[in-house]
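1. Sequence plus the predicted model coming up.
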Amino acid sequence: MTLHIFNPDTDYALASNSENYTPPVSILAVKSSLMLLPALYADRGDAILLPNDNPGLLTPLHPFAEFLSTKDITLVRPRHLSRFIEERKDLTIRPWGWNRTLCKWLSSLGVPERMIPSAEEMTVLRNLSHRKLTIPFLLNMKDIINDEIRIPKEFTAVEDALEFWNANRLDNHEVYFKAPWSSSGRGLQFTKDLEKRHVEPWLRGIIRSQGSVMGEIAYSRSLDFATEWECQNGKAMFLGVSTFITSERGKYKSNVVAPQENIVAYILQHIDVYGNGNNLSAIIERQRLLLENYVAPYYDGPLGIDMLVTGDRNINPCVEINLRDTMGRVAIDIQQRIISQNATEFEVKCLRHLTAGGIFSPMSIISTLRDIESN
């Protein structure tokens, strides 16, 4: 049995490196609205830990409510967690992502130490979650990627970051600056149409709070996609590819839900498959080897590697590495449930309704919940 926890604030908590991180109101709203999200991909008989003892909005109108009874999912309030664990010796805990704040909270609820990463393990996980991990990944792919793809840079001084920005503007390249830890397109500064008076304070704040900032070329993008993985016992298992939609400034909006062969075909339509460095199979295999070198020896759990196809139809094979669950993984799990022989007809009907048009949009679900609350 697995106890699922939806904590979308995990990247921000990693950035704070604190046991007492408090998310902003906007993230708390997402956490509250989507607290039942694991019901979509949980196995029959699993459980979900609620964010507090009085979570609110647990009505029959909740978009995920149907799955609770259909899949026999137990909702666990924090005050009951210790007893719940004592009664289930085979229980494992699977949060959206691990961080020090979550570890302290679970410990305060009576969760045994053996079920929570140690302080040393959390230090390793935090370091691996830094966006600079993309640098060795791309350096070790130089022989199989297109020359258009540039290696990101890490800056610890504002002046160096501004120099990078100005040099690329002279070459007619737009630039993204990224916080080392952030989530779903937040913590990004897309510098198009911005002036120094906008960019410099942002850089200064990120470097002061997180120690550095990442700078990279902003490619014209024709497609955002990702590879989804599970690391266990030093090995990286490839689960599939996902495609997702973002805003112009890189913020996540939705995922495509479709059979893998359809998604792969869709990705290949956007790629110059005869161009140098665009062999998708070779890139995925190299990702696997790099994960087993840099990540899998130190981390067990889900991860996703964000990628993109440029306007020139070339693959950027490592835009970001997320050592946590992702909406792309959720999309893959939803599709697997739709075609599973173990899924009930009612469950499949509900999943198809949630993904009408082949799109899974958490933001639309949140809007629906707000409408329910207002009525």
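-> Noted; the coordinates are in hand. Residues are numbered from 1 along each chain as shown.
2. in this protein, what spans have low per-residue confidence?
-> For the chain, applying pLDDT under 70 flags the ranges 57, 59-61, 183-186, 249-250, 368-375.
3. Strands along that one, start to end?
-> Shown for the chain, the strands assigned by DSSP state E span residues 2-5, 47-49, 74-76, 92-95, 153-155, 175-178, 188-190, 213-217, 221-232, 235-246, 252-256, 301-310, 315-322, 359-360.
4. Ala13: neighbour count?
-> By other Cβ atoms under 10 Å, 25 other residues sit near Ala13. Yep, even glycine has a C-beta here, placed from its N, CA and C like the rest.
5. now Ser26
-> 9.
6. Could you measure from it over to His198?
-> 21 Å (Cβ to Cβ, to the nearest Å).
7. Stretch 51-66: end-to-end distance?
-> Criterion Cα to Cα, to the nearest Å; first-to-last residue distance in stretch 51-66 is 20 Å.
8. List the buried residues in that stretch.
-> The neighbour-count check on stretch 51-66 (16 or more other Cβ atoms under 10 Å) flags Pro51, His62, Pro63, Phe64, Ala65, Glu66 as buried.
9. repeat for stretch 119-139
-> So for stretch 119-139, counting by 16+ other Cβ under 10 Å, buried means Met122, Leu125, Arg126, Ser129, His130, Arg131, Leu133, Thr134, Ile135, Phe137, Leu138.
10. Over to stretch 323-340?
-> In stretch 323-340, counting by 16+ other Cβ under 10 Å, buried: 323-335, 337-338.
11. Tell me which residue is most central in this protein.
-> With the centre of the chain defined as its mean C-alpha position, the nearest residue by Cα atoms, centre = their mean is Thr326, 3.5 Å away.
12. Look up phi and psi at that residue.
-> Thr326 adopts backbone torsions of phi -140, psi 160, taken as degrees, to the nearest 10.
13. Could you tell me which residues make contact with it?
-> Thr326 makes contacts with Ala226, Glu228, Ser242, Pro302, Leu303, Gly304, as judged by Cβ atoms under 8 Å, 6 or more residues apart in numbering.
14. Go ahead and confirm the third one touches Arg329.
-> Read that as Ser242. Yes - with contact defined as Cβ atoms under 8 Å, Ser242 reaches Arg329; the gap is 7.3 Å.
15. All the helices of this protein, in order from the start?
-> Using DSSP state H, the helices of the chain run over 10-16, 25-33, 65-70, 81-86, 100-108, 119-129, 134-139, 158-170, 196-210, 260-270, 280-294, 327-339, 345-354, 362-374.
16. Arg352 - nearest residue in space that isn't next to it in sequence?
-> Distance criterion Cβ to Cβ, 6 or more residues apart in numbering; nearest residue to Arg352, sequence neighbours excluded, is Ile338 at 6.7 Å.
17. so the one you found touches Val348, yeah?
-> Yes - counting by Cβ under 8 Å, Ile338 touches Val348, with 5.5 Å between them.
18. Count residues in the vicinity of Ser212, would you?
-> The burial count for Ser212: 18, using other Cβ under 10 Å.
19. Same question for Leu203.
-> Look at Leu203: counted by other Cβ under 10 Å, it has 23 neighbours.
20. Let the chain start at 57 from now.
-> In the new numbering, first residue 57, that becomes Leu259.
21. Could I get the contacting residues of it?
-> Phe211, Val214, Ala217, Leu218, Phe233, Gln245, Val269.
22. any idea which of those is closest to Thr366?
-> Using Cβ to Cβ, Phe233 is the member of these that lies nearest Thr366, at 19.1 Å.
23. Settle this for me: the closest one is touching Thr247, isn't it.
-> Yes - here Phe233 lies in contact with Thr247, judged by Cβ under 8 Å, at a distance of 6.8 Å.
24. Common neighbours of these two, please.
-> Common neighbours of Phe233 and Thr247 (criterion: Cβ under 8 Å, 6+ apart): Trp221, Val255.
25. coming back round to it: what do Ser298 and Arg385 both touch?
-> Common neighbours of Ser298 and Arg385 (Cβ under 8 Å, 6+ apart) are Glu284, Gly360.
26. mind checking which of the helices of the chain is nearest Gly367?
-> Among the helices of the chain, helix 316-326 sits nearest to Gly367 (Cβ to Cβ), with 10.0 Å.
27. Return that closest one as PDB; C-alpha atoms alone will do.
-> Only the C-alpha atoms of helix 316-326 are listed here, as PDB (Å, rounded to 0.1, in the frame of the first residue of the first chain):
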ATOM      1  CA  GLN A 316       2.700   6.600 -26.500                       C
ATOM      2  CA  GLU A 317       2.900   5.700 -30.200                       C
ATOM      3  CA  ASN A 318       0.800   8.800 -31.000                       C
ATOM      4  CA  ILE A 319       2.800  11.100 -28.800                       C
ATOM      5  CA  VAL A 320       6.100   9.900 -30.300                       C
ATOM      6  CA  ALA A 321       4.700  10.300 -33.800                       C
ATOM      7  CA  TYR A 322       3.600  13.800 -32.900                       C
ATOM      8  CA  ILE A 323       7.100  14.700 -31.500                       C
ATOM      9  CA  LEU A 324       8.800  13.300 -34.600                       C
ATOM     10  CA  GLN A 325       6.600  15.500 -36.900                       C
ATOM     11  CA  HIS A 326       8.200  18.500 -35.300                       C
END
